[in-house]
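**Q** got a predicted structure here, sequence first:
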Amino acid sequence: DAGVTQSPTHLIKTRGQHVTLRCSPISGHKSVSWYQQVLGQGPQFIFQYYEKEERGRGNFPDRFSARQFPNYSSELNVNALLLGDSALYLCASSLEVNEQFFGPGTRLTVL
Amino acid sequence: QKEVEQNSGPLSVPEGAIASLNCTYSDRGSQSFFWYRQYSGKSPELIMSIYSNGDKEDGRFTAQLNKASQYVSLLIRDSQPSDSATYLCAVNRLNDHTDKLIFGTGTRLQVFP
């Protein structure tokens, strides 16, 4: 079975630009969560979606938004990029609750 | 006080030894506990989950949970150089239907031949 997929794998943007990251969950999984991981830290929760509805939001500014589509794939959007947004963005899928399985991540560099 | 605390390491053990990784958490309402392994430049990989007090074994891995002490640990028996990675402890806080994981900063494990 295919695992969680994310695209793109790497991305370089400049300050002020906008970025869209994409995620496809494991087949049959209805919940998608997004995390940000900066170097030397554990992942930080950004959003969780379940059945296309936002279930929770972490302590991130409104520049961050997300959505989930009818096929349970998801997009994370970040507007007005800052240097501090440079990080590994991780998508995790889960069947309903509890065990979350991560995709390979998108490494975003903001110059 | 951080919500999930881990010693950053590195923890260095010889090949074949037992590696012991520890984690404490602050929220007594935490319900589920996970260990992820993360190789350098890669994403976290779930290796163990534990939900009730006691030990849970899976191959060379044993997770131990003590909710009274708010402590969870991971033992790796017969450590191999391929076990060298950062081990992340994560705690689930099911709050208002949000199933978010709170991670520690990770412990770097080095297994030397």
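**A** Noted; the coordinates are in hand.
**Q** quick check: residues of chain B near chain A?
**A** Within chain B, the positions adjacent to chain A are B:4, B:32, B:34, B:36, B:42-46, B:49, B:51, B:88, B:90, B:92, B:94-106 by Cβ under 8 Å from any Cβ of the partner chain. Yep, even glycine has a C-beta here, placed from its N, CA and C like the rest.
**Q** how far out from the middle of the chain is the lengthiest strand in chain B?
**A** Ranked by residue count and defined by DSSP state E, the top strand of chain B is strand B:85-95. Taking Cα atoms, centre = their mean, to the nearest Å, one finds the center of strand B:85-95 at 7 Å from the center of the full chain.
**Q** can you tell me the closest non-neighbouring residue to A:L83?
**A** A:V110 (5.3 Å; Cβ to Cβ, 6 or more residues apart in numbering or on different chains).
**Q** and the one you found, how far from chain B?
**A** Noted for A:V110: a distance of 19 Å to chain B, by Cβ to the nearest Cβ, to the nearest Å.
**Q** just checking, that residue touches A:L11?
**A** No: in this structure, A:V110 is not within contact of A:L11 by Cβ atoms under 8 Å, at 9.2 Å.
**Q** more neighbours: which of these two?
**A** Taking other Cβ atoms under 10 Å in any protein chain shown, A:V110 and A:L11 do not tie; A:V110 has more neighbours (19 against 15).
**Q** pLDDT below threshold where in the chain?
**A** Using chain A. A:1, A:96-97 (pLDDT under 70).
**Q** wait, chain B was what I had in mind.
**A** Looking at chain B by pLDDT under 70, you get B:94-97.
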